[in-house]
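> 3D, please:
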Amino acid sequence: MELQLSLVQTAALALILLVFGEFARRRVAFLEKFCIPAPVVGGFLFALLVLVLRQTGTVEISLDTSLQTPAMIAFFTTIGLAGSLATIKKGGKLLLIYLVACWTLAFAQNIIGMGMAKLLGVDPMLGIMAGAVSLEGGHGGAAAFGPTAESMGVEGATTVAIASATFGLVAGSLIGGMLASFLMHRHKLEVPAKPQTIAQKVGAGYGVKKLAGGGGFAGGPATGEDLDEAVKQPGDEISNYSSILSTSTIIGIIMVLGMLLGDWIAQMTGFSLPAYVGAMIAAVIFRNLNDKFNWVKINDDSVNLISQLTLGFFLTQAMMSLKIWELANLAGPLSIILLVQLVFITLFSAIVVFRIMGKNYDAATMVAGFMGHGLGATPNALANMDSFNAKYGVRSEKAFLIVPLAGAVLIDLVALPWIVWCMNLVAG
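All right, here's what the predicted structure looks like:
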């Protein structure tokens, strides 16, 4: 028996699961303590249910996640709108240091993958598929390089890559916040004072009730009383229908221009840019031109609210559509390779990345992000950081500046040529 959910049904289910994840975060101490994002809680539990129903022969559930991509593009557009040159300059040396750490991880993941594959008697190409291709590269990299490896004569490369990416997505989402929380307690880090903006009064992330014990993914849904109390603060920039409408219009236009920009770059260079990267680049360009010429007023609070909603929505859809049985079908050697990869990035993040990024609250936040995109994708990194910051009520502006810039585009400048070189090496 097969149950096919329509686009509207899938979207409604994703919102229900997101709300459930928020509820669970407030009620389950473990989830709150280790900063497990709400989309992971709700989406992954549904994916587990799908697995049980499938394996028992009860029903196979199919989802229409067509809205996941536009939500993701919208989210990254909001990230780009925050990328003014004045702010980017604040990244400075830390951005370069973080990039070097990311590039080092890409090198290490392929070396570990190839080395372990050879040790275990597996085709080294499959080790690459379980390396930077699927871990730092995520499902996009897996889908791109898997067929290429198969064209080189390696059967099952795509399946291995997709399964490895699925493993990384789940592992990175689960462990990122936990590791950051461990570092906070282990090193007794001080939480910096937070600036008094409406975004922080409402709460970093989804919830309003930060002072009541949770915000962001960890916090509860905003109530009318909470919002009224927040918006009555003197001097605050208030989000209303007009500002949200105008901000949504700007975001929609930039999304279209960004996708056209990505297509143009692909035609001119032969290098294919993901749609969300083109949108983010277009948003950065628009933001800086607008800062100079003051064409329109950008309500940062409205941008934040749209950003939070689109992040939660598309990540929930990504998690609920996971095919967990692909992990169950992994061969023993591949499971060992992935376990070694997981141990390495955890130790590398805690011992190296945390220290070189400053050994402070910002560094702990970046570790959460590093685990997210080092094993999955940039959206997971941002969700990890949002959840971790929500727990302490202070958004790490440095982390939210550096991690998206590095994770979305700059990593690929070195990682992609390295992957191609490794594939040609083992194929030759």
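> who does the helix or strand encompassing W264 touch, helix- and strand-wise?
Using DSSP states H and E, W264 sits in helix 241-269. Applying 3 or more Cβ pairs under 8 Å, 6 or more residues apart in numbering; DSSP states H and E, we find helix 241-269 packed against helix 68-81, helix 275-293, helix 300-320. From N, CA and C alone the C-beta is placed, and that goes for glycine too.
> right, and those helices - which one's nearest K188?
K188 sits nearest to helix 300-320 of all the helices and strands packed on helix 241-269, at 29.8 Å, using Cβ to Cβ.
> how about G172: what's its closest non-neighbour residue?
Among residues not flanking G172 along the chain, L375 sits closest, at 3.2 Å (Cβ to Cβ, 6 or more residues apart in numbering).
> count the neighbours of the one you found for me.
Neighbour count of L375, defined by other Cβ atoms under 10 Å: 33.
> surely it and L342 touch.
Yes - the criterion here is Cβ atoms under 8 Å, and L375 meets it with L342 at 7.3 Å.
> give the residues shared as contacts by the two.
A171, I175 (Cβ atoms under 8 Å, 6 or more residues apart in numbering).
> tell me the mean pLDDT over stretch 30-40?
For stretch 30-40, the mean pLDDT works out to 71.
> can you measure across it, start residue to end residue?
From its first residue to its last, stretch 30-40 covers 14 Å (Cα to Cα, to the nearest Å).
> repeat for stretch 61-77
OK, stretch 61-77 end separation, Cα to Cα: 32 Å.
> show me the shaky parts of the stretch 1-150 of the chain.
For the stretch 1-150 of the chain, applying pLDDT under 70 flags the ranges 32-35, 83-91, 140, 143.
> what about the strands in it?
2-4, 60-62 (DSSP state E, counting those that start in this stretch).
> name the residues that touch the last one?
Strand 60-62 is contacted by residues M1, E2, L3, Q4, L5, V50, L53, R54 when judged by Cβ under 8 Å, 6+ apart.
> change it to 6 Å
In this structure, residues lying in contact with strand 60-62 by Cβ atoms under 6 Å, 6 or more residues apart in numbering are E2, L3, Q4, V50, R54.
> how about the fourth one, nearest residue that isn't a chain neighbour?
Sequence neighbours aside, I61 is the residue nearest to V50 in space, at 5.1 Å (criterion: Cβ to Cβ, 6+ apart).
> tally of neighbours for that neighbour?
Neighbours of I61 using other Cβ under 10 Å come to 20.
> next one: the one 3 residues further on
Counted with other Cβ under 10 Å, residues neighbouring D64 total 16.
> also F20?
Here the count is done by other Cβ under 10 Å, and F20 has 17 residues near it.
> excluding its backbone neighbours, what's nearest it?
Spatial nearest neighbour of F20, excluding adjacent residues (Cβ to Cβ, 6+ apart): G42 at 4.6 Å.
> and the one you found, what does it touch?
L17, L18, F20, G21, T316.
> quick check: the farthest pair among those?
For the contacts of G42, the farthest-apart pair by Cβ to Cβ is F20 and T316; their separation is 9.6 Å.
> what's the strand or helix carrying N424 packed up against?
In this assignment (DSSP H and E), N424 forms part of helix 412-427. If contacts are counted by 3 or more Cβ pairs under 6 Å, 6 or more residues apart in numbering; DSSP states H and E, helix 412-427 sits against helix 92-119, helix 124-129.
> same for the first one, what does it pack against?
So that's helix 92-119. Here helix 92-119 touches helix 124-129, helix 332-347, helix 397-405, helix 412-427, going by 3+ Cβ pairs under 6 Å, 6+ apart.
> quick check: which of these is buried the most?
Of all the helices and strands packed on helix 92-119, helix 124-129 has the most neighbours on average by mean count of other Cβ atoms under 10 Å, namely a mean of 28.
> what does that one contact?
Helix 124-129 is contacted from outside by 110, 113-114, 117-118, 149, 154, 157, 160-161, 422-423, 426, using Cβ under 6 Å, 6+ apart.
> ok, stretch 257-272 next?
By Cβ under 6 Å, 6+ apart, the surrounding residues in contact with stretch 257-272 are L273, A275, G278, A279, A282.
> I'd like these as CSV, with pLDDT appended.
CSV is the format used below for those (pLDDT from 0 to 100):
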residue, pLDDT
L273, 61
A275, 73
G278, 80
A279, 85
A282, 89
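> in stretch 175-190, what's buried?
Across stretch 175-190, burial judged by 16 or more other Cβ atoms under 10 Å covers I175, G176, G177, M178, L179, A180, S181, L183, M184, L189.
> gap between the fifth one and A38?
Computed as Cβ to Cβ, to the nearest Å, the L179 to A38 distance reads 19 Å.
> next: the first one.
As for I175, its distance to A38 is 17 Å (criterion: Cβ to Cβ).
> likewise the last one?
Taking Cβ to Cβ as the criterion, L189 is separated from A38 by 24 Å.
> go on, the third one?
When distances are taken as Cβ to Cβ, G177 and A38 turn out to be 11 Å apart.
> so which of the helices and strands packed on helix 412-427 is nearest N380?
Going by Cβ to Cβ, the one of those nearest N380 is helix 92-119, 14.4 Å.
> quick one, the closest one and helix 397-405 angle?
Counting by axes from the mean of the first three to the mean of the last three Cα atoms, to 10 degrees, helix 92-119 lies at 50 degrees to helix 397-405.
> got the angle for helix 92-119 vs helix 412-427?
Using the same axes, to 10 degrees, helix 92-119 lies at 20 degrees relative to helix 412-427.
> oh, and call the first residue 37 from now on, that's how I've got it
That works, and once the first residue is 37, the last one we named lands at helix 128-155.
> and the angle from helix 128-155 to helix 368-383?
Interaxial angle, helix 128-155 versus helix 368-383 (the same axes, to 10 degrees): 160 degrees.
> and helix 128-155, what's buried?
By 16+ other Cβ under 10 Å, the buried positions in helix 128-155 come out as 130-131, 133-135, 137-139, 141-142, 144-150, 152-153.
> do stretch 102-119 as well
Buried positions in stretch 102-119, judged by neighbour count with 16+ other Cβ under 10 Å: 103-104, 106-119.
> ok, residues contacting it?
43, 47, 287, 290-291, 311-312, 315-316, 319-320, 323, 339, 342-343, 346-347, 349-350, 353, 440.
> which members of those residues are classed as buried?
47, 287, 290-291, 311-312, 315-316, 319-320, 323, 339, 342-343, 346-347, 349-350, 353, 440.
> which residues touch the residue nearest to Y428 when sequence neighbours are not counted?
Using Cβ to Cβ, 6+ apart and skipping residues adjacent in sequence, the residue nearest Y428 is V227, 4.8 Å away. Taking Cβ under 6 Å, 6+ apart, we find V227 in contact with Y397, Y428, V430.
> what does L171 give?
Shown in contact with L171 (Cβ under 6 Å, 6+ apart): Q145, G204, L411.
> many thanks, have a good one.
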